[in-house]
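# Next come a sequence and a model predicted from it.
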Amino acid sequence: MTAQASWIEVACDESGFSGTNLLDAASPVITHASVDLDVAAAADVIAVLRTSLRRSSEYKSNQLLRPEQRPALEWLLTTLRGRAHVHVIDKTAYVAARVFELFTEEPTYGAGTSLGPDHAEVAAALRHRTGFLAAFVDLTRTKRVRLMDHAAVDRFFATMPADVPALRALTRARVETVMQRLIDDDPELPPPLEPLVPALAETVLYWSSGGRSVAVVHDEQSALTPGRVDRLGQFLAGQVDPPPLRSFVQVDSREDPRVQVADFLAGIVRRGRPDLEELLEPYTSAASWAATKSSQV
């Protein structure tokens with residue numbers, strides 16, 4: 001275990017990340033897995049799986065989910081118990097909550113995390129308003145945008161449901177003000193369509209419980225820019241003592257067996273197989289597992 005008295009190092013990877021295509025029914029959740037293993041222990045795990053899969057190089061979690069691999073799968077989930085965690089984000093609920101957080105509040109890096117307001121009720125009311133959510137995603141997809149897209153603002157308001165009381169405070173002036181800040185790349189605004197940011201926050205908060213700081217080793221992800229991670233770390237430090245995020249480095253997953261193990265676990269949980277519920281329950285919170293199942297209904 002790579003832990004000391006005051007800090008712990010974990011390795012992370014995700015499954016289901018689809019950029020800004022957050023409403024794809026074929027990929028309803030994103031999973032963010034983390035493992036507390038040293039390099040040698042992780043290499044031993046990978047060696048066992050490689051032998052079971054009879055693969056010398058490329059291997060993925062879907063191969064491990066084949067019926068003939070059930071013994072290896074159960075071995076993995078037994079071996080990692082107490083040494084790993086998976087945070088699950090329902091992408092549609094994430095988008096629905098972001099509408100409210102972005103356009104009716106002052107957004108912070110606590111948005112979408114347990115440190116931010118609970119918008120579960122709003123998310124439930126909006127999750128099936130797919131036209132409205134799609135209009136929101138189109139509006140806030142601002143990469144390389146330099147001018148306000150007034151037609152996108154019009155579409156957003158044209159599809160906004162009138163029967164959701166929480167949205168009555170939402171005004172065009174407010175939307176255009178926030179959109180201009182996004183277009184201007186205001187660093188104080190968290191990215192509206194990057195669920196990996198709150199997923200990283202929740203992972204750090206999980207491992208920092210008990211007063212530890214967390215050093216994160218992560219698979220390379222363009223969404224987790226140095227600026228965003230720094231601002232997330234600053235936000236967490238202002239909320240929790242000691243500062244939960246000690247350091248953050250990105251690595252090539254092919255060169256770090258710890259990240260490869262996290263990748264396996266993230267992929268297994270993302271598929272939400274009912275026959276694996278009992279085996280996976282120790283790795284996810286009850287709320288996370290429920291989100292995985294409900295998103296597939």
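Received, thanks. Numbers count the residues shown, from 1 in each chain.
# alpha carbons only for contacts and neighbour counts from here, please
Fine.
# hey, where'd the strands end up in the stretch 101-250 of the chain?
213-219, 245-251 (DSSP state E, counting those that start in this stretch).
# Would you map the helices across the stretch 1-150 of the chain?
Secondary structure of the stretch 1-150 of the chain (DSSP state H, counting those that start in this stretch): helices located at 39-53, 61-64, 70-79, 91-104, 120-126, 130-140, 150-159.
# To D13, which of the strands of the stretch 101-250 of the chain lies closest?
Nearest of those to D13, taken as Cα to Cα: strand 213-219 at 5.5 Å.
# Packing partners of the closest one?
For strand 213-219, the elements it packs on are strand 7-15, helix 196-208, strand 245-251, helix 257-270, judged by 3 or more Cα pairs under 8 Å, 6 or more residues apart in numbering; DSSP states H and E.
# Please repeat the previous calculation with a cut-off of 7 Å.
Strand 213-219 sits against strand 7-15, helix 196-208, strand 245-251, with contacts defined as 3 or more Cα pairs under 7 Å, 6 or more residues apart in numbering; DSSP states H and E.
# Would you mind measuring from S222 to E74?
33 Å (Cα to Cα, to the nearest Å).
# quick one, which of the two is more surrounded?
E74 (14 against 9; other Cα atoms under 10 Å).
# What helix or strand is the nearest residue to that one once chain neighbours are set aside located in?
The shortest distance from E74 to any non-neighbouring residue, by Cα to Cα, 6 or more residues apart in numbering, is to L279 (7.6 Å). Assessed by DSSP states H and E, L279 sits inside helix 277-280.
# By mean pLDDT, which helix or strand of this protein comes out lowest?
helix 286-294 (a mean of 41; mean pLDDT, DSSP states H and E).
# hey, which of the strands of the stretch 101-250 of the chain is tucked in deepest?
Comparing those by mean neighbour count (mean count of other Cα atoms under 10 Å), strand 213-219 ranks first with a mean of 23.
# tell me the mean pLDDT for that one?
In this model, strand 213-219 has an average pLDDT of 97.
# Equivalent analysis for stretch 77-84, please.
Here the average pLDDT along stretch 77-84 is 94.
# Please produce a markdown table containing the helices of the stretch 1-150 of the chain, extended by distance to L22.
Conversion of those to a markdown table gives the following (distance: least, Cα to Cα, whole Å):
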| stretch | distance to L22 |
| --- | --- |
| helix 39-53 | 31 |
| helix 61-64 | 21 |
| helix 70-79 | 28 |
| helix 91-104 | 6 |
| helix 120-126 | 14 |
| helix 130-140 | 8 |
| helix 150-159 | 17 |
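# Out of these, which is the most enclosed?
Note that of the helices of the stretch 1-150 of the chain, helix 91-104 is the most buried (mean count of other Cα under 10 Å), with a mean of 23.
# same for it, what does it pack against?
helix 120-126, helix 172-183.
# now the residue nearest to E74: how far from V137?
35 Å.
# what residue ranges in this structure score low on pLDDT?
Scanning the chain with the threshold set as pLDDT under 70 gives 1-5, 55-59, 285-297.
# Domain parsing of it, as residue ranges.
Here the domain parsing of the chain from automatic domain parsing is 7-87+194-294, 91-183.
# Can you tell me how far the nearest residue to E220 once chain neighbours are set aside is from D219?
Residue nearest to E220 in three dimensions, not counting chain neighbours: Q250, with 5.1 Å by Cα to Cα, 6+ apart. Here the criterion is Cα to Cα. By it, Q250 lies 5 Å from D219.
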